[in-house]
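Trainee: Next input, structure requested:
(one chain, ligands or ions: 2)
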Amino acid sequence: SVWGYDSDNGPERWHENYPLAKGDKQSPIEINSKDVQHDSSLPAWHASYDPGAAKTILNNGRTCRVVFDDTFDRSVLRGGPLTGAYRLRQLHLHWGSSDDHGSEHVIDGVKYAAELHMVHWNPKHGNFAGALKQPDGVAVVGIFLKVGKTPKPEMKRILEEIDNIKTKGKEAPFQHFDPSILFPKSRDYWTYHGSFTTPPCEECITWILLREPIEVSSDQMAKLRSLSKNGENEPVNPLVDNWRPPQPVKGRIVRASFK
Ligand SMILES: NS(=O)(=O)c1nccs1
Ligand SMILES: [Zn+2]
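Mentor: Ligands and ions are numbered 1, 2, ... in the order given. Below you'll find the predicted structure:
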């Protein structure tokens, strides 16, 4: 059966059809501050996104994804650990069945309610498919979502669309959206080399994980959990717990831009 997050097709079995899943540079990982190397030479990262590049929002049965026009250098990420400008292609989220878990990366034992990924690719490799085969092919900015009392209003725009994409395969226009409004105040980040957290789990990603989580309300998390894995007119199967657990670090170095 197609891969997913259930007991019969979940992360423990992905390697049966996707051998890369057992590689030695897999993501996510657990980050322990005591093992992190502060690198004072790490530059700041910069995103310059064109709100006009946002196109659609869709439920693909595994996550809620916003897709951007990446046919030219319209919305790009540069700096930080990256060389050159990486094009924004899509953003999506991973979340739990309750507020106490849901993120993929775990920070000093802390699991956040959700984790938002902004996926960019290196145009020097021609196209996204080509970039997947390169160690410097893809850059993902990860933002942690923490349940709190002062929810970030910028998440509202995405959550307002949920009602239009309740079931698998549903898509709706999603335009005039600049995802940089989702960034927290601090630019502090961790970076390490890893993989896609979903099959085929290619090891082509420079991860840039923001230290400061953004806040969402418990109601906003409930909204996200109202998405369904199933298609219209199929038995309801809630889209929750679409996260891969931490994978072996295997000696990799995680660098921090901050002390
Ligand atoms: N969760 S992730 O950002 O590693 C990703 N998987 C597939 C496309 S982007
Ligand atoms: Zn992801």
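
Trainee: Using the three-state scheme, assign Val160.
Mentor: Heads up, residue 160 is Glu, not Val. helix (DSSP: H, G, I helix; E, B strand; the rest coil).

Trainee: Distance of it relative to ligand 1?
Mentor: 23 Å (CB to the nearest ligand atom, to the nearest Å). (C-beta placed from N, C-alpha, C; glycine too.)

Trainee: Phi first, then psi, for the closest residue in space to Leu116 that isn't next to it in sequence.
Mentor: Nearest residue to Leu116, sequence neighbours excluded (CB to CB, 6 or more residues apart in numbering): Ile143, at 4.5 Å. Per-residue torsions, Ile143: phi -120, psi 130 (degrees, to the nearest 10).

Trainee: Check whether Ile143 really touches Ile214, as I assumed.
Mentor: Yes: the criterion here is CB atoms under 8 Å, and Ile143 meets it with Ile214 at 5.9 Å.

Trainee: Quick check: neighbours shared by the two?
Mentor: Residues touching both Ile143 and Ile214 by CB atoms under 8 Å, 6 or more residues apart in numbering: Leu182, Phe183, Pro184.

Trainee: Tabulate those residues (a markdown table), appending secondary structure, neighbour count and distance to Leu224.
Mentor: Output for the shared contacts of Ile143 and Ile214, formatted as a markdown table (DSSP: H, G, I helix; E, B strand; the rest coil; neighbours: other CB atoms under 10 Å; distance: CB to CB, whole Å):
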| residue | secondary structure | neighbour count | distance to Leu224 |
| --- | --- | --- | --- |
| Leu182 | helix | 20 | 14 |
| Phe183 | coil | 18 | 19 |
| Pro184 | coil | 16 | 19 |
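
Trainee: between those residues, which is closest to ligand 1?
Mentor: Leu182 (14.8 Å; CB to the nearest ligand atom).

Trainee: The closest one contacts Leu116, doesn't it?
Mentor: Yes: here Leu182 reaches Leu116: they are 6.6 Å apart, a contact under CB under 8 Å.

Trainee: Give the residues shared as contacts by the two.
Mentor: Shared contacts of Leu182 and Leu116 (CB under 8 Å, 6+ apart): Ile143.

Trainee: quick revisit: ok, Ile143 and Ile214, which is more surrounded?
Mentor: For Ile143 and Ile214, the more surrounded residue by other CB atoms under 10 Å is Ile143, and the numbers stand at 24 against 21.
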